[in-house]
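Undergrad: Sequence plus the predicted model coming up.
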Amino acid sequence: MKQAIVIFGSTGNLMYKKLIPALDKLIKKEHLDESSKIYCIARKDFSLKDYIADAKKQVTEEVNWEKLVTFLEYIVFDVNDINDYLLLKNKIKADGYTDLSIYLAVPPNLFPIIAKGVSESKLISKGESEKRIVFEKPFGENLNSAKKINRELWKYFDEKQIYRIDHYLGKEMIQNILVVRFANVVFNHIWNNSTISSVSILSKEKEGVMSRGGYYDKIGALKDMLQSHLLQMASLIAMDKPTSLDSEAIKDEKVKVLKDMIFSEKDLIVGQYKGYLEAEKVAKDSNTETFVYAKAYIENDTWKGVPFHFLSGKKLDEKLSEIIIHFKDDSALKAYFPSATKHQNKLIIRVAPKEGVQFQLNVKEPGLGEQTIPASLDYCHSCDALKNNPESYEKLLLELLNKNRTLFTRWDEIETTWNLVDELKSKDKKVHQYETYQDMIKIIKSKGVDFYDF
Ligand SMILES: NC(=O)c1ccc[n+]([C@@H]2O[C@H](COP(=O)([O-])OP(=O)(O)OC[C@H]3O[C@@H](n4cnc5c(N)ncnc54)[C@H](OP(=O)(O)O)[C@@H]3O)[C@@H](O)[C@H]2O)c1
């Protein structure tokens, strides 16, 4: 079946930075059939030649333009004009495409407008299993706005036709979490509160908001990172074994643990980096947080008493995203190896910039002494794949074309995570100023917060 992709917002940052390089790679790897077409929709009055010239200025990755251009068609479009949707529908039909993905790479306020146009023109009708529509993050700004958007979407489409993106789910190591957990008997039996003392989930960035101040100032770290990426990671770490690796079975288990999660209000700390107020399109008196530390518990038999620490922020010491599973000290061990208890066993799942899994264990210090020292079993996924790792968007686009919904978020995941984050957001917390990561760590510690040193 001939496949077509329609991308609304084809002149935007996401298209130039992520989608074009991802499409180029899919073409190079022959995942996109020669007969496929990519309709690039935007409002600028470009010809295809103008469009490619504009794209070439903005795309920084190496792209085989000559090949890519054979798949592309540029269409000037007014998202408020139903006639443009009807013209597009007729064009796609005349071109012979029946398998259709419509990707909304546009600001979220356009989601309901475009969804309505797509539905009224019958570009996609409810129940058509060969057609799907993709929405970028953020899905709403809080639970109410997300519900409002979703109610609109459900009027037009079945849940199975709706693909909500959280690009973290396209990252190799995030997909690897299920394999590490469930394909290794050694972890299968110890993945609970009798062996695990705490879980740390962090995503640190070195950059500030750069040119995205207009978007970020309305959102902040809690909504930008915790509601989506960090809680997605936590649900994959904490969920029970699904009955199968089917997308719905996995999502059922993720939602169950998210529903059992309770944040500790007193442990929430937020901060804003010095200089944020001078960023482009940021309100001069903005109170938006660019740093968040939060702690939650999962109130079920498996995780009762195990703190989940979340930390995310901009303008920190390094770019790093990882999950650390801290295993308990065994007091009996101390009698035999007093120095071993200084170094807990840890499993580190590195998500970015390097990808891999590291397990820290105790070994005997080489030589005549009897001290123990920490050593690590290290698997560097990105090294092993010889830099041939697919980027998130490459994987997500492929899954979309294959109609595999596992890496896209279901409505109840969005609803549950907004519920948690709305609750935190409603707390009137002082926004601390910071210059460095260590500034925030000092503040966290000075508050007597039960903080695991990341
Ligand atoms: N950029 C990223 O790295 C990134 C990462 C994660 C998620 N996202 C999400 O992806 C979506 C797109 O982000 P972006 O950074 O690409 O945004 P962007 O650079 O602002 O561009 C979005 C596109 O939407 C079009 N657009 C904006 N307002 C419009 C309007 N009123 N009518 C018709 N078209 C309009 C723009 O057209 P013009 O060129 O004509 O203005 C452009 O083609 C957003 O939902 C964002 O939250 C982006």
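TA: Right, received. Where do you want to start? Numbers count the residues shown, from 1 in each chain.
Undergrad: so is the residue nearest the centre of the chain in a helix, a strand, or just coil?
TA: For the chain, residue 168 is the residue whose C-alpha lies nearest the centre (Cα atoms, centre = their mean; 2.7 Å). Counting by DSSP: H, G, I helix; E, B strand; the rest coil, the backbone at residue 168 sits in helix.
Undergrad: Distance check, the residue lying closest to it once chain neighbours are set aside against residue 310.
TA: Sequence neighbours aside, residue 229 is the residue nearest to residue 168 in space, at 4.1 Å (criterion: Cβ to Cβ, 6 or more residues apart in numbering). C-beta coordinates here come from the backbone N, C-alpha and C atoms, glycine included. According to Cβ to Cβ, to the nearest Å, residue 229 stands 10 Å off from residue 310.
Undergrad: Got the phi and psi for the residue lying closest to residue 364 once chain neighbours are set aside?
TA: Of all residues not flanking residue 364 in the chain, residue 372 sits nearest, at 6.1 Å (Cβ to Cβ, 6+ apart). For residue 372, the backbone dihedrals are phi -110, psi 150 (criterion: degrees, to the nearest 10).
Undergrad: and residue 372, what does it touch?
TA: Residue 372 makes contact with 337, 339, 340, 343, 362, 363, 364, 365, according to Cβ atoms under 8 Å, 6 or more residues apart in numbering.
Undergrad: hmm, 10 Å instead?
TA: By Cβ atoms under 10 Å, 6 or more residues apart in numbering, residue 372 lies in contact with 333, 336-343, 361-365.
Undergrad: my read: the residue nearest to the centre of the chain touches residue 174, true?
TA: Yes. Counting by Cβ atoms under 10 Å, residue 168 touches residue 174, with 5.7 Å between them.
Undergrad: list residues touching both of the two?
TA: Contact criterion Cβ under 10 Å, 6+ apart; residues shared by residue 168 and residue 174: 229, 232, 233, 236, 321, 351, 352, 392, 407.
Undergrad: In three-state terms, label the fifth one for me.
TA: Reducing the assignment at residue 321 to three states with three-state DSSP gives strand.
Undergrad: which residues does it form a beta bridge with?
TA: Here residue 321 sits in beta bridges with residue 203, residue 352, going by DSSP bridges.
Undergrad: so it touches residue 232, yeah?
TA: No. Residue 321 is beyond contact range of residue 232, at 11.8 Å (criterion: Cβ under 10 Å).
Undergrad: Compare those two (neighbour count), which wins?
TA: Legend: neighbour count by other Cβ atoms under 10 Å for residue 321 and residue 232, higher for residue 321 (25 against 20).
Undergrad: The residue nearest to residue 364 and residue 427, how far apart?
TA: The gap separating residue 372 from residue 427 is 43 Å, by Cβ to Cβ.
Undergrad: Check residue 284 too.
TA: Using Cβ to Cβ, one gets 24 Å for the distance from residue 284 to residue 427.
Undergrad: Can you classify the spatially closest residue to residue 112 that is not a sequence neighbour by secondary structure?
TA: The shortest distance from residue 112 to any non-neighbouring residue, by Cβ to Cβ, 6+ apart, is to residue 152 (4.6 Å). State at residue 152, reduced to three classes by three-state DSSP: helix.
Undergrad: thought residue 152 was touching residue 115?
TA: Yes. Applying Cβ under 10 Å, one finds residue 152 in contact with residue 115, separated by 6.2 Å.
Undergrad: which of these two has more neighbours?
TA: A side-by-side neighbour count of residue 152 and residue 115, using other Cβ under 10 Å, places residue 115 first with 22 against 16.
Undergrad: List the buried residues in the helix or strand containing the more buried one.
TA: Using DSSP states H and E, residue 115 maps to helix 111-120. Within helix 111-120, the residues that count as buried by 16 or more other Cβ atoms under 10 Å are 111, 112, 114, 115, 116, 117, 118, 119.
Undergrad: my guess is the third one contacts residue 88, does it?
TA: Which is residue 114. No. Applying Cβ under 10 Å, one finds residue 114 not in contact with residue 88, separated by 11.3 Å.
Undergrad: anything in contact with each of the two?
TA: Counting by Cβ under 10 Å, 6+ apart, the common neighbours of residue 114 and residue 88 are 41, 77, 102, 123.
Undergrad: Tell me who's in contact with residue 195.
TA: Taking Cβ under 10 Å, 6+ apart, we find residue 195 in contact with 187, 189, 306, 325, 327, 328, 330, 345.
Undergrad: For it, give me phi and psi.
TA: Note on residue 195: backbone dihedrals following degrees, to the nearest 10 are phi -120, psi -30.
Undergrad: What count of nearby residues applies to the residue of the stretch 1-150 of the chain found nearest the ligand?
TA: Closest to the ligand within the stretch 1-150 of the chain is residue 12: 2.4 Å, counting by Cβ to the nearest ligand atom. Residue 12: 18 surrounding residues under other Cβ under 10 Å.
Undergrad: What pLDDT is listed against it?
TA: Note on residue 12: pLDDT of 94.
Undergrad: Which residue is the nearest non-sequential neighbour of it?
TA: Once flanking residues are discounted, residue 12 sits nearest to residue 105: 5.6 Å by Cβ to Cβ, 6+ apart.
Undergrad: got a pLDDT number for that neighbour?
TA: 96.
Undergrad: Make sure it is actually in contact with residue 18.
TA: Yes. The pair residue 105 / residue 18 is scored as a contact, 8.7 Å apart, by Cβ under 10 Å.
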